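Chemist: Okay, structure incoming, though there's no sequence with it:
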Ligand SMILES: NC(=O)c1ccc[n+]([C@@H]2O[C@H](COP(=O)([O-])OP(=O)(O)OC[C@H]3O[C@@H](n4cnc5c(N)ncnc54)[C@H](OP(=O)(O)O)[C@@H]3O)[C@@H](O)[C@H]2O)c1
């Protein structure tokens, strides 16, 4: 999107290319124009396409905040990244690996190549392989919940962290921390994320791209969509 108006010091200029996350208390951003507080936006570099910019805020910020703010990830630690072929999971995998972690990605049997391609050191097929065979980890990043979450909690080292983005943690963890959170807009983190995209250190995971007039049908489709769905206003 393009910044249009600002009051006071916004750190942005009129006409600047920007990207970001509208706050959760608005009606949404599926519109030609939307009012967003400047602090929730970051400049989008000229050589990063708008579609790529649109794919980053939710998945990139969720991964960043889960790994670093809530999970306090350190180099050398082991991360179990669930749903690692998904929009959030591909970001978790890449950011954790870049931070020096050993990443075990999970997913369905058909996700193996994609997960390894996004940088996981190992892959666990949740449909056919025993999660219990995974060596203990410092951090579980859960985007699935339910039974998968319960089985994962047992894999945590003492002092480890279970980070959930699918609601409150439903399992009791002992000698480890459990945290759930909802992603928040953050300009500094968006800038870190887009810098990595620009440098080629971070790849986005775009699945479907549709035009504005197809947006409702696309987003309401019952078909499973792989990766982020992008709605373009114009061809
Ligand atoms: N709290 C927050 O702030 C926050 C922020 C972002 C996202 N979320 C939530 O996080 C979840 C993931 O979001 P996302 O955008 O990454 O979704 P996504 O792109 O659909 O990724 C989820 C991945 O997990 C896989 N998966 C799901 N259940 C599985 C199972 N039982 N076994 C194996 N693989 C399984 C999916 O495979 P299939 O596609 O084959 O099912 C997919 O690859 C959603 O529930 C979303 O609402 C929360």
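Modeler: Now that the structure is in, tell me what you want to look at. All figures in this text were calculated on a predicted structure; none of them were measured in a lab.
Chemist: Test of understanding: give the bridge partners of residue 105.
Modeler: Beta-bridge pairing for residue 105 (DSSP bridges): residue 81, residue 123.
Chemist: Please name the residues that touch it.
Modeler: Listed by Cβ atoms under 8 Å, 6 or more residues apart in numbering, the contact partners of residue 105 are 81, 84-85, 89, 93, 111, 115-116, 118, 120, 122-124. In short, each C-beta sits where N, CA and C put it, glycine included.
Chemist: From residue 16, how far out is the residue of the chain found nearest the ligand?
Modeler: Across the chain, no residue is closer to the ligand than residue 86, which sits at 1.9 Å (Cβ to the nearest ligand atom). Using Cβ to Cβ, to the nearest Å, residue 86 is found at 31 Å from residue 16.
Chemist: what does the protein have sitting close to the ligand?
Modeler: 58-59, 62, 83, 85-89, 107-108, 111, 126, 143-144, 148, 165-166, 182-183, 224 (Cβ under 6 Å from any ligand atom).
Chemist: Skipping its backbone neighbours, what lies nearest residue 122 in space?
Modeler: The shortest distance from residue 122 to any non-neighbouring residue, by Cβ to Cβ, 6 or more residues apart in numbering, is to residue 104 (4.6 Å).
Chemist: Pull the number of nearby residues for the one you found.
Modeler: Using other Cβ atoms under 10 Å, residue 104 is surrounded by 25 other residues.
Chemist: Also residue 48?
Modeler: Count around residue 48 with other Cβ under 10 Å applied: 18.
Chemist: Am I right that it is in contact with residue 197?
Modeler: Yes: using Cβ atoms under 8 Å, residue 48 makes contact with residue 197 at a distance of 5.9 Å.
Chemist: Find residues that contact each of the two.
Modeler: Common neighbours of residue 48 and residue 197 are not found (criterion: Cβ under 8 Å, 6+ apart).
Chemist: what about the residue nearest the centre of the chain, distance to residue 92?
Modeler: Nearest to the mean C-alpha position of the chain, by Cα atoms, centre = their mean, lies residue 59 at 2.5 Å. Separation of residue 59 from residue 92 (Cβ to Cβ): 9 Å.
Chemist: swap in residue 215?
Modeler: Counting by Cβ to Cβ, the separation of residue 215 from residue 92 is 27 Å.
Chemist: which one of those two has more residues nearby?
Modeler: Neighbour count, other Cβ under 10 Å: between residue 215 and residue 92, residue 92 has more, with 35 against 15.
Chemist: so what does the lowest-mean-pLDDT helix or strand in the chain touch, helix or strand wise?
Modeler: The helix or strand of the chain with the lowest confidence, counting by mean pLDDT, DSSP states H and E, is helix 215-220 at a mean of 92. Applying 3 or more Cβ pairs under 8 Å, 6 or more residues apart in numbering; DSSP states H and E, one finds that helix 215-220 makes contact with strand 206-211, strand 228-232.
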